[in-house]
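Participant: missing the sequence, but the structure's below:
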């Protein structure tokens, strides 16, 4: 399948997410990356931790965690990866092709944290305004939402996971990844409109 080479970076991005420690709960509300050509912003109540985020100049990993105390927002770790120039071209395949790919064995192999297709189930797929939203059940990572979007020709993946012993509800996880996609578009107005899929339920 032609989607496979273009999406080959997904397991590499997942490995970056797993290798970075949990956030200390403090950081920046937004940051400029890739030589200040892109701006990443955190949802309300969350902050970017520059100490554990990585910008190679070609691709980026950004970690976002709760920056408020007292339970005002759910404890969560959002991980955003931004791929190399041109990597978002895969989204042109359209929602049907993307949905079919990610529910196939090769697609689930790319999504699985341990690279084993049988260890991840795609329980729901949403698509809106050029962005794909996957509700996943992974034997290694648990239940979480992942967004796959494009920004200035770069493939972006965003995932939201709860704290140990306090997993996010499906509604919380979906809301966080959707807000992060919308903020990415808002801070970078030359890009496509934000995703507006139906609410999780």
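Facilitator: Right, received. Where do you want to start? As the structure is a computational prediction, the values presented were derived from the model and not from experiment.
Participant: my read is that residue 167 contacts residue 145, right?
Facilitator: No - with contacts counted by Cβ atoms under 8 Å, residue 167 stays clear of residue 145, the gap being 11.7 Å. No exception for glycine: its C-beta is placed from N, CA and C like everyone else's.
Participant: residues of stretch 127-142 that come out buried?
Facilitator: The neighbour-count criterion (16 or more other Cβ atoms under 10 Å) identifies 127-128, 130-136, 138, 141 as the buried residues of stretch 127-142.
Participant: over to stretch 106-123?
Facilitator: 107-113, 119-122.
Participant: can you tell me which of those are in helices?
Facilitator: Taking DSSP state H as the definition of helices, these contribute 107-111.
Participant: now do the residue most central in space within the chain, the pLDDT please.
Facilitator: With distances taken as Cα atoms, centre = their mean, the residue of the chain nearest its centroid is residue 158 (0.7 Å). Confidence at residue 158, expressed as pLDDT, is 95.
Participant: which residue ranges of this structure form helices?
Facilitator: 3-6, 10-19, 95-102, 105-111, 170-187.
Participant: now do the last one: distance to the chain's middle.
Facilitator: Same thing as helix 170-187. 9 Å (Cα atoms, centre = their mean, to the nearest Å).
Participant: pull the helix or strand with minimum mean pLDDT from this protein.
Facilitator: Among the helices and strands of the chain, helix 10-19 carries the lowest confidence by mean pLDDT, DSSP states H and E, at a mean of 46.
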